[in-house]
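A.B. asks: Have a look at this fold, sequence not included:
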DNA sequence: CGCTCCAACTTGACACCGTCTAGAAACTTC
DNA sequence: GAAGTTTCTAGACGGTGTCAAGTTGGAGCG
């Protein structure tokens, strides 16, 4: 264990699993220095390969970053789907899913900085769209549940947009992305408080009244 | 008029008003190519000066972009304050201010991409903080009005965060930043529709009921 | 007017970046 | 073990941000 040098994973061929190593290094770098501090050569350096190695797997910078954002949406969609499964009622599922979103953002700041940026990635990439859609539909299912259980006249599309925009705006306002927070403890706590407040506003706003 | 060559403004010294020209060129460039497509040398080129000229006024890239973001918050704060003055009641003022936010974002995509990014700018800069605070306080005043008029138990801070996050998330989700929309007409229309929906959710959520 | 001074800008250099090309290295397959 | 293919390396190119030094042109003053 202690002898393991760097890239790890006995994996497949020359270098272990280079695509995964590159994604991990990229996420780490962006979490440290923000999306503008990203550098393909620095990522290659951290993964212990030459500066041109990434190109072979991802084509160019946009390719690597799109791949990283896609991974982020896959993680997010998984977390949201799991949260949606474990709630007691619609309201509980919405609250849990909001927490899942925020906590994923907190744990994967490098991924989220990209996912949210709408810049430097190819947002028409098939896999990317598929994972992003899956995350969106996890929320949509919950909103439909709220409509059916609490308010038949609820505009599902508008409510989805509203919920998504709110939580995304909160995450961004909280400054969770770029530069990892020094004191993640209190950040996480205040974030949860805001989630609770938001849930209250959202539920009231959707006419549920509970 | 037709004879005006480029930098215009008989202005002050050598080159007219270079800082303003550089900010304008930077906003244009970011609106065209996104924050990642920004280049100090390209900005200097568009302003018709040498590649090192910007450094003399702004120090480095971060200095120029922080200055541009500050200008953006000044424009936003002005627009919000004016909208807040012209509403009939608290609800009308909130709705108008939301529209002002979104329309400013639509008109100044280069500025907003920066303001929202939390990257590439120095968010502890004094002037920057002052203008951003002014914009935030314009919203805060309205929320306080809503509390006084409609719901004495409203948590003002939480409501402010919620409103700000919602509108900011909406603007970002709408993809208004980076690449100017081809068809701004329909974009603007659907944006207004969303603003209306959001206002409904927000007002209900804050327990106003109207 | 001539002179100095100084802010505004230019020029050139440096290291770093993304990408392209050609070639080496290692694993697969027969 | 030889051929072929994928994986990665090495080097070159133009472009970028920033730093150092030099040039320009207007302002203030004798």
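C.D. replies: Sure, I can see it. In this text the structure is predicted, and so the values were computed from the model without any measurement. Numbering: from 1, shown residues only, chains lettered A, B, ... in the order given.
A.B. asks: quick one: residue A:159 from DNA strand C, how far?
C.D. replies: According to C-beta to the nearest atom of the strand, to the nearest Å, residue A:159 stands 39 Å off from DNA strand C. C-beta coordinates here come from the backbone N, C-alpha and C atoms, glycine included.
A.B. asks: residues touching that residue, list them.
C.D. replies: Residues near residue A:159 by C-beta atoms under 8 Å, 6 or more residues apart in numbering or on different chains: A:143, A:146, A:147, A:206, B:201.
A.B. asks: How about the residues of chain A by chain B?
C.D. replies: Within chain A, the positions adjacent to chain B are A:34-36, A:113, A:116-120, A:155, A:158-159, A:161-162, A:164-170, A:172-173, A:175, A:177-178, A:194, A:197-198, A:200-207 by C-beta under 8 Å from any C-beta of the partner chain.
A.B. asks: From those, list the buried ones, please.
C.D. replies: If you count burial by 16 or more other C-beta atoms under 10 Å in any protein chain shown, the buried members of those come out as A:34-36, A:113, A:116-120, A:155, A:158-159, A:161-162, A:164-170, A:172-173, A:177-178, A:194, A:197-198, A:200-207.
A.B. asks: in chain A, which ranges drop under the pLDDT threshold?
C.D. replies: Scanning chain A for pLDDT under 70 picks out A:1-14, A:175-189, A:207-210.
A.B. asks: Recalculate using a threshold of 50.
C.D. replies: Scanning chain A for pLDDT under 50 picks out A:1-13, A:178-184, A:209-210.
A.B. asks: on that earlier part again, which ones among the buried ones among the residues of chain A next to chain B lie within helices?
C.D. replies: A:113, A:116-117, A:158-159, A:161-162, A:164-170, A:172-173, A:194, A:197-198, A:200-205 (DSSP state H).
A.B. asks: overlap between those and the residues near DNA strand D?
C.D. replies: Near DNA strand D, judged by C-beta under 7 Å from any atom of the strand, there are no entries from these.
A.B. asks: Up against DNA strand C, what does chain A have?
C.D. replies: Checking chain A against DNA strand C by C-beta under 7 Å from any atom of the strand, the hits are A:13-14, A:38-42, A:51-52, A:55, A:60-62.
A.B. asks: Give me the ChimeraX select line for these, limited to the buried ones.
C.D. replies: In ChimeraX syntax, the buried subset of the residues of chain A next to DNA strand C is picked out as below (16+ other C-beta under 10 Å):
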select /A:38,40,61
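A.B. asks: Please point out which parts of stretch A:65-84 sit buried.
C.D. replies: Of all the residues in stretch A:65-84, those buried under the rule 16+ other C-beta under 10 Å are A:65-81, A:83-84.
A.B. asks: Restricted to helices, list those residues.
C.D. replies: Filtering the buried residues of stretch A:65-84 for helices - DSSP H - leaves A:65-81, A:83-84.
A.B. asks: tally of neighbours for the residue lying closest to residue A:19 once chain neighbours are set aside?
C.D. replies: Among residues not flanking residue A:19 along the chain, residue A:57 sits closest, at 4.9 Å (C-beta to C-beta, 6 or more residues apart in numbering or on different chains). Residue A:57 has 13 neighbours, counted by other C-beta atoms under 10 Å in any protein chain shown.
A.B. asks: now for whatever helix or strand residue A:57 lives in, which elements pack on it?
C.D. replies: Under the criterion of DSSP states H and E, residue A:57 resides in helix A:53-58. Using 3 or more C-beta pairs under 8 Å, 6 or more residues apart in numbering or on different chains; DSSP states H and E as the contact test, the elements touching helix A:53-58 are helix A:18-33, helix A:40-47, helix A:61-85.
A.B. asks: repeat that with 6 Å
C.D. replies: Judged by 3 or more C-beta pairs under 6 Å, 6 or more residues apart in numbering or on different chains; DSSP states H and E, the packing partners of helix A:53-58 are helix A:40-47, helix A:61-85.
A.B. asks: which residue packs closest to residue A:45, ignoring adjacent ones?
C.D. replies: Excluding the flanking residues, the one nearest residue A:45 by C-beta to C-beta, 6+ apart is residue A:51, at 7.6 Å.
A.B. asks: Is that neighbour located within a strand, as I assumed?
C.D. replies: No: according to DSSP: H, G, I helix; E, B strand; the rest coil, residue A:51 belongs to no strand; its state is coil.
A.B. asks: before we move on, could you check phi and psi at it?
C.D. replies: Here is the backbone geometry of residue A:51 (degrees, to the nearest 10): phi -70, psi -20.
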